[in-house]
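Colleague: Provide a 3D model corresponding to the input given below.
(2 chains)
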Amino acid sequence: MFTFILRRLAVVIPTFLGITLLAFALIHMIPGDPVLIMVGERKLDPEFYKAAMARLGLDQPLYLQYWHYLTGMLHGDLGQSIVTQEPVMSEFLKLFPATLELSICAMLFATVFGLAAGIVAATRRGTVLDHTVMGAALTGYSMPIFWWGLILIIFFSVNLGWTPVSGRIDLQYDIAPRTGLMLIDTLLSGEEGAFKSAVMHLILPSIVLGTIPLAVIARMTRSSMLEVLREDYIRTARAKGLSRTRVVLVHALRNALMPVVTVIGLQVGTLLAGAVLTETIFSWPGIGKWLIDSISRRDYPVVQGGILLVATLIIVVNLLVDVLYGVINPRIRHAR
Amino acid sequence: MSLLHIQNLSVSFGAFRAVNHVSFDVNRGEILGIVGESGSGKSVTMLALMGLIDAPGVVSADALGFDGQDLLHASNAQKRKIIGRDVAMIFQDALSSLNPAYTVGAQLMETLKLHLKLSGAAAKKRALDLLDMVEIPDARARLAAYPHQLSGGMSQRVMIAMAIACNPKLLIADEPTTALDVTVQAQIMALLVNLQKQNDMGLILITHDLAVIAEVAHRVAVMYAGEVVETSPVPDIFNTPRHPYTQALLTSIPEHSKGAARLATLPGVVPGQYDRPRGCLLSPRCPYVQPRCVDEHPDLYTTPGGTARCFFALDDGGRPSHG
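Modeller: The predicted structure is shown next:
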């Protein structure tokens, strides 16, 4: 298992190099630079501009800038934000829990409902229920995130007034960040109503962010389940006199989960991409909003470092998924 | 009274009748062989009996009795109490019939917990005994093994252990040795017959291996295109087959064709969904076919030893009775 992980990590190195190059190239291709953006429409003194660029190291040729970025990164230094002067890493760590909390809730929502929908559709194959569930899944998958988010806000927040429009918690609460996860922090703070407020703030963003993964998981679960239900061992299980529920949930589901776990792992990428949009719609102070903001400020170190960290995250999650296979499927565990 | 009584069991998939008015009985302690080509409806009949035919398949029967209970009108929950406990089944491909995600022990104990309400330790002990009973060496270690770690013969033994877990009164073995090596086949067959004798089980043995039937079965039912065409006690069927199809089956055994240049075969194939003849289903292939066979569908007629679905059942000399 250990050598397996090492081998996987070795494959990751070229991927990382590619990502750094891409992030660096793309952000420098956007017209403008941090100084111009900061100055805005005011008149800019050419001397001051030159001095500022030199101070930021932006007057050097691009290949040198890339080299500094690369060597800094290898030393574990992602640089500091041009705007806030804070190290990129510490900003990331401060904002990451918000994204993590949102992603976990979205994934929980997607997995629970996606699995249930897939199982129901598979066991009622060809019925109206099956077509309805799968039609809904396709609709969810095709829905643009920002539009879906706005529709939900208009309906539930504005018209019905059930949920708040934006942020992580009502302004009246002052919660000290301990874990950074609002659900846990509010519980620790002991403030009355704070936890409920945090939950209410999470509902809509989780649904919006979880909709596409939900649709993907539902469709995958259905097709995988249909395949497994045709297997000989399902016939054996039924010949034992087991109830239909036990046959489906115990004998079929575990085997059907294999491809679903892959898909859940792959969805983490989609999730972080979706987080950028979802966090922007709901003013959720997480990584997605941070990246969007820093792109518009041309905050080069933040964009480069942030993208790299997000990519690391996706790679780590995919590695975890591979390891998880072995837990679910004994055949893979023993093959190593 | 017989242990299992099936009367006019039919299974259709849409317009296609896979099994057509099949009737037979099995007694306690009896081994009934069912032979026939692939697609003759042997397995489907058994799956219907076990309640394992799914929509769009439709099962109908005039009577379906097991050990004094009416399976035909039993609810699914009632049937599930009998299936797996009193009636158990083993299948052709044992390796794919075991769930790859669970250990042998877990799959064995599941049945024990369900039907006998055994707790963890008691179930484990019984599982060990069962593995011993089916002659699996190092049973304790095998409990923790996964199916992919077993050989074909070993997994069939596990399947048998699972099937006899609750001392069933009737065991259905659907081509239990077809997927195995020849040497292993003999071992598994011997094991099955031993267990059958020890527990006084009824055993339905589905096979296309007539040698196996000759060796172990008491009675045999021959199926063709979804119908029973002949039933007969075992020694008789080899000496005096009454149905032309049975006769053809027997002559296709290599030993019966000794000295002949070619192995005897029956021309043609089993009729499928769209080419079922109007009269006797064998009429397009039968060497003794008469005009009546083409027009009329024969019933099962009584013969000296059993029954045969033929207007002109063969006599002791193997010639059709119309001369």
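Colleague: Quick check, residue B:173 in contact with residue B:94.
Modeller: No - judged on C-beta atoms under 8 Å, residue B:173 makes no contact with residue B:94 at a distance of 11.0 Å. Yep, even glycine has a C-beta here, placed from its N, CA and C like the rest.
Colleague: secondary structure element for the residue in chain A positioned nearest to chain B?
Modeller: Nearest residue of chain A to chain B (C-beta to the nearest C-beta) works out as residue A:241 at 3.1 Å. Assigned by DSSP states H and E, residue A:241 belongs to no helix or strand.
Colleague: following the host helix or strand of residue A:120, which helix or strand comes up?
Modeller: Residue A:120 is located in helix A:88-123, with elements delineated by DSSP H and E. Following helix A:88-123 in sequence order, the next helix or strand is helix A:128-142 (DSSP H and E).
Colleague: and that following helix, which residues are buried?
Modeller: Across helix A:128-142, burial judged by 16 or more other C-beta atoms under 10 Å in any protein chain shown covers A:130, A:133-134, A:137, A:140.
Colleague: Could you dump those residues into CSV with pLDDT and distance to chain B added?
Modeller: Listed next are the buried residues of helix A:128-142 as CSV, based on pLDDT from 0 to 100; distance: C-beta to the nearest C-beta, whole Å:
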residue, pLDDT, distance to chain B
A:130, 92, 13
A:133, 92, 19
A:134, 93, 19
A:137, 91, 24
A:140, 89, 29
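Colleague: What is the burial count for residue B:161?
Modeller: Neighbourhood size, residue B:161 [other C-beta atoms under 10 Å in any protein chain shown]: 26.
Colleague: who does the helix or strand hosting it touch, helix- and strand-wise?
Modeller: Here residue B:161 sits within helix B:152-163, counting by DSSP H and E. Using 3 or more C-beta pairs under 8 Å, 6 or more residues apart in numbering or on different chains; DSSP states H and E, the elements in contact with helix B:152-163 are strand B:87-90, helix B:94-97, helix B:104-116, helix B:120-133, helix B:182-199.
Colleague: most neighbours per residue, which of the ones you listed?
Modeller: Comparing the helices and strands packed on helix B:152-163 by mean neighbour count (mean count of other C-beta atoms under 10 Å in any protein chain shown), strand B:87-90 ranks first with a mean of 27.
Colleague: what does it contact?
Modeller: With C-beta atoms under 8 Å, 6 or more residues apart in numbering or on different chains as the test, strand B:87-90 has contacts from A:239, B:46, B:49-50, B:66, B:97, B:156, B:159-160, B:162-166, B:168-174, B:176.
Colleague: and if we set it to 6 Å?
Modeller: A:239, B:50, B:159-160, B:163, B:168, B:170-173, B:176 (C-beta atoms under 6 Å, 6 or more residues apart in numbering or on different chains).
Colleague: What about these, which are in helices?
Modeller: Among the contacts of strand B:87-90, the members falling in helices are A:239, B:50, B:159-160, B:163 (criterion: DSSP state H).
Colleague: Now distance to residue B:25, neighbour count and pLDDT too, for those, in CSV please.
Modeller: As requested, the ones in helices among the contacts of strand B:87-90 are exported to CSV (distance: C-beta to C-beta, whole Å; neighbours: other C-beta atoms under 10 Å in any protein chain shown; pLDDT from 0 to 100):
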residue, distance to residue B:25, neighbour count, pLDDT
A:239, 22, 25, 91
B:50, 17, 21, 88
B:159, 26, 26, 92
B:160, 24, 25, 91
B:163, 21, 28, 90
